[in-house]
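Quick one, what's the 3D model for this:
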Amino acid sequence: MLTSEYQEQSRRFALALRVGIPVLILVGLIVYIVILRNDTDFKSTENIFLILSTIFVTIYFIYFLMTLETQESLLDPLSKSYNESTLHKKIYSYKPQAMGIFAIEDMQTLYEALGADKISEAIYSTTLQLEATLKANGEKTPLIGRCYSGEWIIGSNYLSAKQLRDILEEVAANSLNIAYQFATLKTKDVQYKNVTLHLKDLIQNFSKETQENNSLNANELNKLEQESIIAVQEHNLVFSFRPLLNLNTNMVDIYEVFIKLKTYDDEELAPKQYLPIINRLGLTRQYDLSIISNILNMASSVNKNISFSCNLSPFSLRDEVFKKHFFSLIEASQIEPNRLIIQLYERKTHHNLSSYLETLQAIRDRGIRICIDNFGSSNASIEYMKHFHFDMVQFDRDYVVHLDEEQRQTLFKSLIEMSKQLNITTVAKWVDNPSQNEKLKLLGINYAQGFAIGGSITYEELLELQKTNQRNTQ
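Below you'll find the model as predicted:
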């Protein structure tokens, strides 16, 4: 039996005593008054009314407490671990020194593959395995709760963050049919109300490979959150530009834009550090508008033949307020809209695909080009291609890295040919040597990007490069 189940059973027993003892006392008093005392007329109207009233009050009292018992349950019905409400109360009282998150990687796909009944079994067995492994490693009273469909939060006052991470890694490794993600943090001097949010940010920031080398402190995450908020609000963005070589003209006429946030300590935060935070805090629209505003300003200072591509959040593009500001910025800038290329990357097809495609078409109707990123890496990218005419596709790195593998090259050729037939510009990234470049030319790729083409440059370097090119053409 899980620790949480044992505590729920104890709570229910205590509640049963709360129900039973007053009822037994009340019934005893009635029996004594009505039956055992010889001077009482049992069949009198007064006594009958008293007995019926007692029965009604007893039933109502039991019903009330049963309802209260259901509402106050400690347990999540599927996992039998603590539910979210109880978990947060336990965190505040228990004050664990280390906490972790353990999550099923792709819950939706798993539901489609196994069905609801099997998922329910898997959720409960995962909870049993987590508790058994924690107890086997010395944790006497594990704190385990399920906060979302496939996410568990674990707390410990006995184990360090590293030890807890090792345990979660062991549980994940022993799973044959389900892929898990996990992350841990130290919770010393932390505001416990934020700890589950930090854990969810962590699991998005770090892959399984990088988790092994990161033992993060919750105070560091608090600082990261504050720095991200300030950087977005004050538009402290750092831009770098990676060239895309046109293989037909052998000229660079597109730059892909990459963004970092600059902190008040002059440190630069990578997107994997801050994007989960700004998404959670609802700053995505403000962040994306700042990106667009900066790119449009920079575009006005460089050659009109140069275009810029950048990633924008699908959540922003679906937002009517964002689109209104977005279009206003483009109109005010007087920049040709086709110089702006928006990159999209979604692992799953949007649930309201027709509405989303209408949004993309409204953007494309303004002259802005739409590019699908990591094309060929998921079913979603193919699904979008069925219903929408993209201007550009950037192929998944896997096709370029394994360019010499016959099977992948055959598939790559078919995707390139399909793009040609649909009049879609093709881009191959991760081109790191000249031989790859030559092979891509033969395959009919339009643009190449990578170390063989050129590394990232700053805005100042881009301006200087433009001046040099102008002098050379005069």
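
Name the helix or strand of the chain that has the lowest mean pLDDT.
When the helices and strands of the chain are scored by mean pLDDT, DSSP states H and E, helix 208-211 comes last with a mean of 42.

What does the pLDDT read for R285?
Here, the pLDDT recorded for R285 equals 90.

which SS state does it fall under?
Under DSSP: H, G, I helix; E, B strand; the rest coil, the three-state class of R285 is helix.

nearest residue to it other than its sequence neighbours?
With sequence-adjacent residues excluded and distances taken as C-beta to C-beta, 6 or more residues apart in numbering, R285 is closest to F322, at 4.8 Å. Where C-beta positions appear, they are placed from N, C-alpha and C, glycine not excepted.

Okay, the one you found and I370: tell me how far apart.
Computed as C-beta to C-beta, to the nearest Å, the F322 to I370 distance reads 15 Å.

Where does pLDDT dip in the stretch 301-450 of the chain?
By pLDDT under 70, the weakly predicted segments of the stretch 301-450 of the chain are 346-352, 378-380.

90 instead?
313-321, 334, 344-359, 373-388, 396-398, 401-404, 406-409, 433-435 (pLDDT under 90).

Helices of that one, residue ranges please.
Along the stretch 301-450 of the chain, the segments classed as helices by DSSP state H, counting those that start in this stretch run 314-317, 320-333, 353-365, 379-387, 397-401, 406-421, 434-443.

how many degrees apart are the longest one and helix 379-387 in direction?
Meaning helix 406-421. For helix 406-421 against helix 379-387, the angle by axes from the mean of the first three to the mean of the last three C-alpha atoms, to 10 degrees is 30 degrees.

Give me the buried positions along helix 406-421.
The neighbour-count check on helix 406-421 (16 or more other C-beta atoms under 10 Å) flags 408, 412, 415-416, 419 as buried.

Same question for the third one.
Within helix 353-365, the residues that qualify as buried are 356, 359-360, 363-364, counting by 16+ other C-beta under 10 Å.

what comes up buried for stretch 149-157?
Buried residues in stretch 149-157 (16+ other C-beta under 10 Å): 150-156.

wait, I meant stretch 169-181
169, 171-172, 178, 180-181.

Please apply the same query to stretch 291-298.
Quick answer for stretch 291-298 (16+ other C-beta under 10 Å): 291-296, 298.

Please parse this protein into its domains.
Following automatic domain parsing, the chain resolves into domains at 3-71, 84-214, 225-473.

With distance to E234 added, can I get the helices of the stretch 301-450 of the chain in TSV?
Listed next are the helices of the stretch 301-450 of the chain as TSV, based on distance: least, C-beta to C-beta, whole Å:
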stretch	distance to E234
helix 314-317	19
helix 320-333	18
helix 353-365	28
helix 379-387	35
helix 397-401	34
helix 406-421	41
helix 434-443	41
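
Go through those and name the closest to A122.
Nearest to A122 among the helices of the stretch 301-450 of the chain is helix 379-387; the distance by C-beta to C-beta comes to 23.3 Å.

Output the contacting helices and strands for the closest one.
helix 353-365, strand 369-375 (3 or more C-beta pairs under 8 Å, 6 or more residues apart in numbering; DSSP states H and E).

For G150, which non-adjacent residue is spatially closest?
In this structure, G150 finds its nearest non-sequential neighbour in I104, 3.4 Å apart by C-beta to C-beta, 6+ apart.
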